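Peer 1: quick check, what structure comes out for this input:
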Amino acid sequence: MAVERFPVEATHIMMFARSVADPNPIYSDAEYAATTEVGRIIAPPTFAQASAQFDPDYVLRPKSGEVWFGSGKEPTGIKRDASGGSGGGGNGGGLHAEQHFEYHRHLTPGDVLTATNLPGKAWEKEGKRGGKLMFSEFITEYRDQNGELVITARGVGVRTGQVVES
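Peer 2: Here you go, the predicted model:
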């Protein structure tokens with residue numbers, strides 16, 4: 001996802017940590033955080049994923065007045081057609097297979113990030129149950145307000161060469 005402006009705020013960090021059930025006080029308690037090696041509040045490791053909410057084109061972000069793909073078996077308001085496609089963000093047969101983060105420094109309140117997508121690799125393998133598996137890598141670089149690289153995120157998606165019946 002490409003994001004032009006992703007402000008990192010202390011309350012956003014706290015709510016993200018709560019949403020992933022991580023009670024570490026370094027994410028919300030400034031007094032505690034001051035006693036740590038880092039010395040201040042930092043964001044949890046996967047916090048950069050929250051940048052999706054700042055991307056107006058993110059496929060899984062609900063948009064006012066539009067049918068939302070959602071995350072259930074049957075997307076809200078979207079019915080699968082005879083080919084198995086939904087017309088939404090998940091067209092059947094696809095899977096988010098891997099996610100890796102390389103941290104160049106901690107994210108802290110006050111950072112303002114931009115995210116840029118870079119081309120990744122693509123490859124194919126034969127599946128164990130027959131059929132081709134198509135892999136595609138996507139890379140996102142997160143830079144701070146000074147243009148410094150903060151996080152490099154690398155994900156891999158996989159799709160089957162055939163429509164999977166659900």
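
Peer 1: now do the SS call for Gly120.
Peer 2: Following DSSP: H, G, I helix; E, B strand; the rest coil, Gly120 is assigned to strand.

Peer 1: how close does the closest residue to it other than its chain neighbours sit to Phe16?
Peer 2: Take Gly120 and drop its neighbours on the chain: the residue closest to it by Cβ to Cβ, 6 or more residues apart in numbering is Glu137, 3.0 Å away. (Each C-beta comes from the backbone N, C-alpha and C, glycine too.) Glu137 sits 25 Å away from Phe16, going by Cβ to Cβ, to the nearest Å.

Peer 1: repeat for Lys125
Peer 2: From Lys125 over to Phe16 (counting by Cβ to Cβ), the distance is 35 Å.

Peer 1: who has more neighbours, the two?
Peer 2: Higher neighbour count among Lys125 and Phe16: Phe16, with 18 against 10, using other Cβ atoms under 10 Å.

Peer 1: quick one: residues contacting the more buried one.
Peer 2: Going by Cβ atoms under 8 Å, 6 or more residues apart in numbering, Phe16 touches 27, 43-44, 47, 50.

Peer 1: mind running it again at 6 Å?
Peer 2: Contacts for Phe16 (Cβ atoms under 6 Å, 6 or more residues apart in numbering) come out as 47, 50.

Peer 1: just the CA trace of stretch 97-107, in PDB.
Peer 2: Extracted as PDB, the C-alpha positions of stretch 97-107 are listed here (Å, rounded to 0.1, in the frame of the first residue of the first chain):
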ATOM      1  CA  ALA A  97       1.400 -16.400   2.700                       C
ATOM      2  CA  GLU A  98       4.200 -14.500   4.400                       C
ATOM      3  CA  GLN A  99       5.000 -11.100   6.100                       C
ATOM      4  CA  HIS A 100       8.400  -9.900   7.100                       C
ATOM      5  CA  PHE A 101       9.500  -6.600   8.700                       C
ATOM      6  CA  GLU A 102      13.000  -5.200   8.700                       C
ATOM      7  CA  TYR A 103      13.300  -2.400  11.300                       C
ATOM      8  CA  HIS A 104      15.900   0.300  10.800                       C
ATOM      9  CA  ARG A 105      14.800   2.100  14.000                       C
ATOM     10  CA  HIS A 106      11.800   2.200  16.400                       C
ATOM     11  CA  LEU A 107       8.700   4.100  15.400                       C
END
